[in-house]
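**Student:** Curious how this folds, go ahead:
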Amino acid sequence: MHSFTWEIASPILIVLWAVGIIVLERLRPYDRGQKLFREGFFLDFFWYTLVQSYALGWIISLIIRFVDEETGLTRLQLVSSWPVVAQLAFFWVTHDFYIYWFHRLQHNNRYLWRIHEAHHSGHDIDWLAGSRSHALEILINQTIEYAPIVLLGAHPDVALMKGVLDATWGMYIHSNIDVRSGWLQYVINGPEMHRWHHSRIYHGTGFNFATKIAIWDWLFGTAHFPKGEKPVGYGLGDGATFPDGYIAQHVHSFRLFEDERQGTERTDSPELHAVTEAREDSRVA
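**Tutor:** Model prediction:
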């Protein structure tokens, strides 16, 4: 398929996928009673999905163009002789590996957590919830994602194909669909494990950091997949409050750390201890 075709097909595929996910959320919900137009819908759709994505796409393209003008890396065409499928697979796996470790670091570093906590602030996890991510987080991750694709000389379709994969997979893993993927959940990530990642009850600094390839969590000991259970709720937990507006959420990330230590730092959740004790009691009984 030629690049101009992917330019047209990409937004169509993303919109059709979104419609399909929304329909499945209505037909087979993981958490019953969750509304389509839930709290924060306009914020996530208009500000994060439309406005922020467009603005950052433009900024990131300028950054990549500047780097190329300074280094001339694209002239080397290091991967241009590879088949397009091999290029896509290479960038898909390497970036997913990077995302696992950066995501895990965000949950363990208080500075990086500040640009990630907005993503965990929603109380409803659905097809749109993944779009709520701090602008600095997206700027870092997508520059690191797309700069190598351009600078190493990949086919122009690769960036478009990867954009479709990112958008559709992000909707899928956050979706409120009751999925039972069996053994595949140990290989490919899905809502079964990622909804646990957004649980307001957690231990340590969290779990299930993988986005597309679930192997990373199982391989590096961060998988959390209690069979037959569901998260009791989603959000920052511990009674933490978070601003509602787009600008306010970004300003909030630069607040003093003394404020964070008093209420929003992700430490062992009291609710988790309560649930754990209840489970232990039931086992004894």
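
**Student:** May I see the buried residues of the longest helix belonging to the chain?
**Tutor:** In the chain, with assignment by DSSP state H, the single longest helix is helix 3-27. Going by neighbour count (16 or more other Cβ atoms under 10 Å), the buried part of helix 3-27 is 6, 10, 13, 14, 17, 18, 21, 22, 24, 25. Heads up, the C-betas are built off the backbone N, CA and C, glycines and all.

**Student:** downstream neighbour of that helix in the secondary structure list?
**Tutor:** Moving toward the C-terminus from helix 3-27, the first helix or strand encountered (DSSP states H and E) is helix 41-42.

**Student:** Give me the contacts around that following helix.
**Tutor:** Applying Cβ atoms under 8 Å, 6 or more residues apart in numbering, the contact partners of helix 41-42 are residue 128.

**Student:** got it, and stretch 7-25?
**Tutor:** When contacts are defined by Cβ under 8 Å, 6+ apart, stretch 7-25 is touched by residues 1, 34, 36, 126-127, 160, 163-164, 167-168, 171-172, 175-177.

**Student:** Distance from the chain centre to it, please.
**Tutor:** The chain centroid and the centroid of stretch 7-25 are separated by 18 Å under Cα atoms, centre = their mean, to the nearest Å.

**Student:** Over to stretch 81-98?
**Tutor:** Relative to its chain's centre, stretch 81-98 lies at 19 Å (Cα atoms, centre = their mean).

**Student:** can you tell me which residues contact residue 210?
**Tutor:** With contacts defined as Cβ under 8 Å, 6+ apart, the neighbours of residue 210 are 96, 100, 189, 193, 216, 217.

**Student:** quick revisit: which of the contacts of stretch 7-25 sit farthest apart?
**Tutor:** Based on Cβ to Cβ, the longest span within the contacts of stretch 7-25 runs between 1 and 34 and measures 36.4 Å.

**Student:** Compare these two and say which is more crowded by neighbours.
**Tutor:** residue 34 (16 against 10; other Cβ atoms under 10 Å).

**Student:** which residue ranges form the helices in the chain?
**Tutor:** Ranges of helices in the chain, per DSSP H, are 3-27, 41-42, 53-71, 84-106, 110-114, 135-151, 156-174, 191-197, 215-219, 246-252, 257-263, 270-284.

**Student:** quick one, the first one and helix 156-174 angle?
**Tutor:** Read that as helix 3-27. Here helix 3-27 runs at an angle of 10 degrees relative to helix 156-174 (axes from the mean of the first three to the mean of the last three Cα atoms, to 10 degrees).

**Student:** as a whole number, average confidence for helix 3-27?
**Tutor:** The pLDDT scores in helix 3-27 average 92.

**Student:** got any ranges where the stretch 151-285 of the chain has weak pLDDT?
**Tutor:** Filtered on pLDDT under 70, the stretch 151-285 of the chain yields the residue ranges 258-285.
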